[in-house]
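>>> coords please:
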Amino acid sequence: MNLKNIIKPTRKKLFLLVGLFIIAGAFLLVSGKNESIQSSKTVADTALVKKHLTALTQTAQFRNHKNIDQLSHIADYIHQTFAPYGDSTAFQEYKVDGKIYKNVITSFGTENTKRIIIGAHYDVCGDQQGADDNATGVTALLELARMLKGQKLKYRVDLVAYTLEEPPYFRTENMGSYIHAKYLKDNKIDVYGMASVEMIGYFRLKADQNRDVLCSQIHCRNRLFRPFELLEF
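A predicted model of the protein is given here:
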């Protein structure tokens, strides 16, 4: 099914953006226990959400660990999107079996010492587009970067796009999140907290879709499950 015919940016039911607003509101904090949370005045852009989701899912190859060139291309896209907004943007490169993989990090409020980490992985499990798992999470990071630009923050905020979070590297020291967490620990960086943005898309059953078959496909996480076919925008 053509993504162009599925996503309708003119409709306002962008349930994906609920996650963006929650994350943005939660981390634009003022100091002190008795002071309230401040929300961003920047509104999420549904056209950009569509653009990022399309770029992340409509790729020549699947974003799995075997397709190094595709992962690098996506990492470059994330870096290029982050760069105009963050105070600093960089790759965190590391080697696994002689191949180079990359986390992508952009930072805000770098004048502050204590930091908050908000992360999402951009790789997928096997041969699938990974629309919900986890292009939605990465899209949230990309749009959140735009929303954080120019904000006065009481903490440093690092947005991190992780690689190699899926099998066969899941729960190993080769996961991008492990590499990043180890760096923070080894350098005694003061981390206030971390939020992982995972599978925040909204989907619904079509009238002619069999619920049992759908649930089976979701649980098996096979290539037949294409969340974009069920997203309601």
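
>>> quick one, strands of this protein?
88-96, 99-108, 115-121, 156-162, 191-196 (DSSP state E).

>>> Any regions of this structure where pLDDT drops low?
Where the chain drops to pLDDT under 70, the residues are 1-40, 202-233.

>>> pull the longest helix from it.
Determined from DSSP state H, the single longest helix within the chain is helix 68-82.

>>> residues near Asp186, how many?
8 (other C-beta atoms under 10 Å). Bear in mind the C-beta positions are built from the backbone N, C-alpha and C, glycine included.

>>> how close does it get to Arg115?
The gap separating Asp186 from Arg115 is 15 Å, by C-beta to C-beta, to the nearest Å.

>>> can you check Cys125 too?
29 Å.

>>> Then Thr59?
Separation of Thr59 from Arg115 (C-beta to C-beta): 31 Å.

>>> same thing with Arg156?
4 Å.

>>> any common contacting residues for these two?
Each of Ser107 lies in contact with both Arg156 and Arg115 under the rule C-beta atoms under 8 Å, 6 or more residues apart in numbering.

>>> isn't Ala60 right next to Gln70, touching?
Yes - counting by C-beta atoms under 8 Å, Gln70 is a contact partner of Ala60 at 6.6 Å.

>>> which residues in the protein form helices?
Assigned by DSSP H, the helices in the chain fall at 3-6, 16-27, 46-57, 68-82, 136-148, 176-186, 211-220.

>>> can you tell me the distance between the two ends of stretch 156-176?
Start-to-end span of stretch 156-176 (C-alpha to C-alpha, to the nearest Å) is 20 Å.

>>> List the buried residues of it.
Of the residues in stretch 156-176, 156-166, 169, 174-176 count as buried by neighbour count, 16 or more other C-beta atoms under 10 Å.

>>> now stretch 178-196
178-181, 192, 194.

>>> Just give me the closest of these to Glu93.
Distance to Glu93 across the buried residues of stretch 178-196 (C-beta to C-beta) is lowest for Ile179, with 9.5 Å.

>>> how near is His52 to His73?
Going from His52 to His73 by C-beta to C-beta gives 14 Å.

>>> do Thr172 as well
Taken as C-beta to C-beta, the span from Thr172 to His73 is 24 Å.

>>> For stretch 46-64, buried residues please.
So stretch 46-64, judged by 16+ other C-beta under 10 Å, has buried residues 46, 49-57, 59, 62-64.

>>> And stretch 124-142, by the same measure?
124-125, 128-142.

>>> Check stretch 73-83 too.
Residues of stretch 73-83 classed as buried: 73-75, 77-79, 81-82 (neighbour count, 16+ other C-beta under 10 Å).
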